[in-house]
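Enquirer: Give me a model of this one.
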Amino acid sequence: MQNQTAGALRPGTDTPPHVAILDDEAEIRRILADALGEAGFRTSTYSRASDFEAALKRTAPDVCLVDLGLPDRDGLALVHRLALESGATIIIISGRANTADRVTGLELGADDYIIKPFEPAEVVARIRARLRKSRPAPEASANLARFNGWEAQFDQYMLVSEDGTQVPFSHAEGEVLRLFLDSPKRLISRHQMQESLGGAAGESFDRAMDVRISRLRAKLGEDPKNPRLIKTIYGAGYIFLGDVTWS
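Expert: Model (predicted):
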């Protein structure tokens, strides 16, 4: 594995975005890492899916570049798992140029598909575009969010469904909901929740979060055994999988 750190920072943070590169070709890894490093990204490179998946247990990259022709794992299956369990932007980089593979990759959860050979500058541009699109920063004063057929009115503490049904939520539930809506498709750990919402870490805080999230799921009509929007990543935290717009 190779790591590089460069100086450009993501607005509002003190660290550059992190791109994880998974490709069994050493030259491809080098080209991508060099181009991204020069553009201000941190990078980690992996030649095997097993090493890549082990690293994901310790860190959460902002972007995953994944080759489909891996020596130890089906690339499409890996992409699908990442889409379900990771908050990262997923971009496939593959020599498979046929339409069927491209459509399948996107349907399984990839955000973009780049065909080899590629121009490194194009990869950098697509990553920047995807990061801007997937994580828009809402205005601090924004009180109205729309996602997956719902409207959250934070000034009224009200959820409104597509058919106009109004479902009130509490201030405590609203704090958790706003946290999810501010960071869609990003893993939010228990520690991050504690830091953002306050309170002493421990079993009582964890139980309080479990109750709030359970109530939010019920109000959103989620199946408690298989929720679509608020996913639990056991041992790691939660991911909100909706598409969010603020106004």
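Enquirer: for stretch 209-226, which positions count as buried?
Expert: Within stretch 209-226, the residues that count as buried by 16 or more other C-beta atoms under 10 Å are 209, 212, 213, 216, 217, 219, 220, 222. Every residue, glycine included, has its C-beta placed from N, CA and C.
Enquirer: The nearest residue to the first one once chain neighbours are set aside: what secondary structure?
Expert: Nearest residue to residue 209 in three dimensions, chain neighbours excluded: residue 193, at 5.9 Å (C-beta to C-beta, 6 or more residues apart in numbering). Secondary structure state of residue 193, per DSSP: H, G, I helix; E, B strand; the rest coil, is helix.
Enquirer: pLDDT value on residue 193, please?
Expert: In this model, residue 193 is scored at 87, pLDDT.
Enquirer: any idea how far residue 217 is from residue 210?
Expert: 11 Å (C-beta to C-beta, to the nearest Å).
Enquirer: and if you look at residue 40?
Expert: 39 Å.
Enquirer: what do you get for residue 51?
Expert: Applying C-beta to C-beta, the value for residue 51 to residue 210 is 33 Å.
Enquirer: same check, this time on residue 44
Expert: Using C-beta to C-beta, which is the criterion applied here, residue 44 is 32 Å from residue 210.
Enquirer: same deal with residue 241?
Expert: Residue 241 is 19 Å from residue 210, where distance means C-beta to C-beta.
Enquirer: Can you give the distance of stretch 107-123 from its chain's centre?
Expert: Stretch 107-123 sits 17 Å away from the centroid of its parent chain (C-alpha atoms, centre = their mean, to the nearest Å).
Enquirer: residues making contact with stretch 240-247?
Expert: With contacts defined as C-beta atoms under 8 Å, 6 or more residues apart in numbering, stretch 240-247 is touched by 136, 138-139, 142, 144-148, 180-181, 183-186, 188, 228-231.
Enquirer: I'd like to know which of those are buried.
Expert: Buried residues within these, defined by neighbour count using 16+ other C-beta under 10 Å: 138, 145-147, 180-181, 183-186, 188, 229-231.
Enquirer: which ones among these are found in helices?
Expert: Using DSSP state H, 180, 181 are the members of the buried ones among the contacts of stretch 240-247 that sit in helices.
Enquirer: closest to residue 62 among the buried ones among the contacts of stretch 240-247?
Expert: Using C-beta to C-beta, residue 186 comes nearest to residue 62 of the buried ones among the contacts of stretch 240-247, at 8.6 Å.
Enquirer: thought that closest one was touching residue 236?
Expert: No: Residue 186 lies out of contact with residue 236 (C-beta atoms under 8 Å); the separation is 11.7 Å.
Enquirer: Which residues does the single longest helix found in the chain contact?
Expert: Secondary structure assigned by DSSP H gives helix 203-219 as the longest helix of the chain. The contact list for helix 203-219 (C-beta under 8 Å, 6+ apart) reads 159, 167, 169-170, 172-173, 175-177, 190, 193-194, 199, 224, 227, 229-230, 238.
Enquirer: mind listing which of those are in helices?
Expert: 172, 173, 175, 176, 177, 190, 193, 194.
Enquirer: and which of the residues you listed is nearest residue 30?
Expert: Proximity of those to residue 30 (C-beta to C-beta) peaks at residue 190, which lies at 37.2 Å.
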